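Trainee: here's a sequence, model it:
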Amino acid sequence: MFQQEAKKKGNEMNKVEKRVLRRKRFTIASQVTLSEDFLNDLLETGLITQQGREQVKVENNNVARVERWMEAFPHLDRKHPFSDLCTFLDSHSTLLGDDLRIELKAEKSGNAYKVEEWIRREAEALVQRDFGNSRRLSEMDKRDIRFLVESRMQMMQELWKKQRSRSAGILEDEIATKMNYRENAQELVKKVNSFLRVNKKALKSNVSFAEEPETSEMNGQRSRRQPAFDDRNLVTQLNSTIQSLIDISNQCIMELDELKRERARTVDVIKMKDRTQAVDEEITKILEGRATEVDDLEEKVSTMEDKIAKLENNLQKTIRRAAEEENSHKKELEKLRCHLHVSKEKIQELEENIERTTQEMLNTNERYDKLRNKSEMLEKTRRLGFKADNKQKQKRK
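Mentor: Okay, here's the model as predicted:
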C-alpha cells in the first residue's frame, strides 16, 4: 500500500539509495538506538509515520527495529528522503550522515560492493580460522561475532577512507594554490629576464634607451626614443625585483615545507592501515580470550552433561523399577480384585443363607410356640382328666 501511494506521487527512492540503506542497516543499528525519544524526533520530522512507529515499537531488539523502519522508509511522501535522512542523522551523529553520502557516491561509482564483500570475506575467514566448523558455538554466537568483526572493520575502513579523502582534498587545494604561486613566480622570472634582455646595453653603459614604439592617435607620429631608466632608477628597480624574487622564493620554500609536512601527514594517514591491522590483532586477541572462555564453558557444560547423563540413567532405572513395581502392583491388585469379587459372592451367599436360616429359625420358633401351647393344653386336659378319674374312682368306692 505504501509503495503504490509513493509511486502515484512520484516520490519513491531510486534503486541505488535503497541498496545503500539495505546494506548499511547494520551500521545504522550499531550507531543509532531507536528509543522513544528518537522515534518521537523521527515522527516530528516526518521520517516515520504513526503506523510505522507503532510497528517499530513492537520489535524487541534494535536491529529488528531498524530493519522494520528501513522497510517503510523508502515509501514515505517526501521529495528527497535519502538526503533528509542524512541531514537528520547529522544532528544526532557526526559521522553516520557523511557515511551514507560517501557510500552512495561510492555505490554510484561502482566500487563500493567490492569493499563490502572484501570486509565480509575477511570477517568470515577470521571467524573460520578461530572457530572452524566446531560445534562449540551456536550459529547465533558465530553470527554475532561475525557481525561484530564486520562492524569494527567497516568502521575502521570508513574512518580511514574519510580521513584519506579529506586529506586528499586539502592537499589538492593546497597544491592548486602552490601551482598558482609557481605560475606567478615563473611569470615574474620571465618578466625579469625580458627586462634584463631589453636593458642589457643600459646595464653595461649605465644609460639605456628602450625601444618602445608608441603610436599617437592624435597626430599619427611615432614617438622618439626616450631614455628608459637612469642609474638610480635601474638600481632601485633591480633591487625591488630581486627582493620580490627573494620573497617569492622564501614563500615557495615555506610552501614546499608545508607540502612536505602535509605529505608526512598523508603518509601517517596511509599508515592507519597498519593501525587497523593492530586493531584486528586486538580483536583476534579478544576473540581468542572469548574462545578460551567458551572452552571453559564447554568443559563445564561437558561435566554438566555427564552429570545429566548419569542422572538420566538413574532416572531411567528408577522409571523402569517403578514400572515393574507398578506392573506387579497391578497384578496383585487384579488378584485382590478377583478375591474381592469371590469374597463378595461368598458374602452374598452367606447373607442369603443367614436370611434363610433366620427365616427357618423364625418358622421353628413359631412351630415351637404352637407345640408348647399344644403341650400345655394337653397337660391341662390330662390333669383335668386325672382329677375327673379320681373323682369317679372315689365315687365308685
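Trainee: per-residue pLDDT, Leu340?
Mentor: Per-residue pLDDT puts Leu340 at 85.
Trainee: likewise for the one 10 residues further on?
Mentor: As predicted, Leu350 sits at a pLDDT of 87.
Trainee: counting contacts, what elements does the strand or helix carrying it pack onto?
Mentor: Secondary structure assignment for Leu350, by DSSP states H and E: helix 272-396. Contacts defined by 3 or more Cβ pairs under 8 Å, 6 or more residues apart in numbering; DSSP states H and E place helix 272-396 against helix 112-131, helix 139-198. To be clear about C-beta, it is placed using only N, CA and C from the backbone, and glycine gets the same treatment.
Trainee: mind checking the pLDDT average for the longest one?
Mentor: What it means is helix 139-198. In the prediction, helix 139-198 has an average pLDDT of 70.
Trainee: next, count neighbours for Glu71.
Mentor: Residues lying near Glu71 (other Cβ atoms under 10 Å) number 16.
Trainee: just the element for Leu104, please.
Mentor: With DSSP H and E as the test, Leu104 turns up in helix 96-109.
Trainee: quick one: contacts of that helix?
Mentor: Applying Cβ atoms under 8 Å, 6 or more residues apart in numbering, the contact partners of helix 96-109 are 16-17, 19-21, 23-24, 27-28, 31-32, 82, 85-90, 112-113, 115, 158, 161-162, 165.
Trainee: can you show me the CA trace of that helix as CSV?
Mentor: Taking C-alpha atoms only, helix 96-109 is exported to CSV below (Å, rounded to 0.1, in the frame of the first residue of the first chain):
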residue,chain,number,x,y,z
LEU,A,96,26.7,8.5,10.1
GLY,A,97,25.2,11.0,7.7
ASP,A,98,28.5,11.5,5.9
ASP,A,99,28.9,7.8,5.9
LEU,A,100,25.7,7.3,3.9
ARG,A,101,26.6,10.1,1.5
ILE,A,102,30.1,8.6,0.9
GLU,A,103,28.5,5.1,0.5
LEU,A,104,26.0,6.5,-2.0
LYS,A,105,28.7,8.2,-4.0
ALA,A,106,30.9,5.1,-4.0
GLU,A,107,27.9,3.0,-5.0
LYS,A,108,27.2,5.2,-7.9
SER,A,109,30.8,5.0,-9.0
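Trainee: can you pull the buried residues of it?
Mentor: For helix 96-109, a neighbour-count test (16 or more other Cβ atoms under 10 Å) marks Leu96, Gly97, Asp98, Asp99, Leu100, Arg101, Ile102, Glu103, Leu104, Ala106, Glu107 as buried.
Trainee: pLDDT value on Glu117, please?
Mentor: 64.
Trainee: domain assignment for the protein?
Mentor: Following automatic domain parsing, the chain resolves into domains at 1-110, 112-207+228-270.
Trainee: sec struct for Leu47, please.
Mentor: Using DSSP: H, G, I helix; E, B strand; the rest coil, the structure places Leu47 in coil.
Trainee: which ones among the contacts of helix 96-109 map onto helices?
Mentor: 16-17, 19-21, 23, 27-28, 31, 82, 85-90, 112-113, 115, 158, 161-162, 165 (DSSP state H).
Trainee: show me which helix or strand of this structure is least confident by mean pLDDT.
Mentor: strand 208-209 (a mean of 40; mean pLDDT, DSSP states H and E).
Trainee: returning to that earlier point: can you tell me which of the domains of the chain the model trusts least?
Mentor: domain 112-207+228-270 (a mean of 66).
Trainee: just the buried subset of the contacts of helix 96-109, please.
Mentor: 17, 19-21, 24, 27-28, 31-32, 82, 85-86, 88-89, 112, 158, 161.
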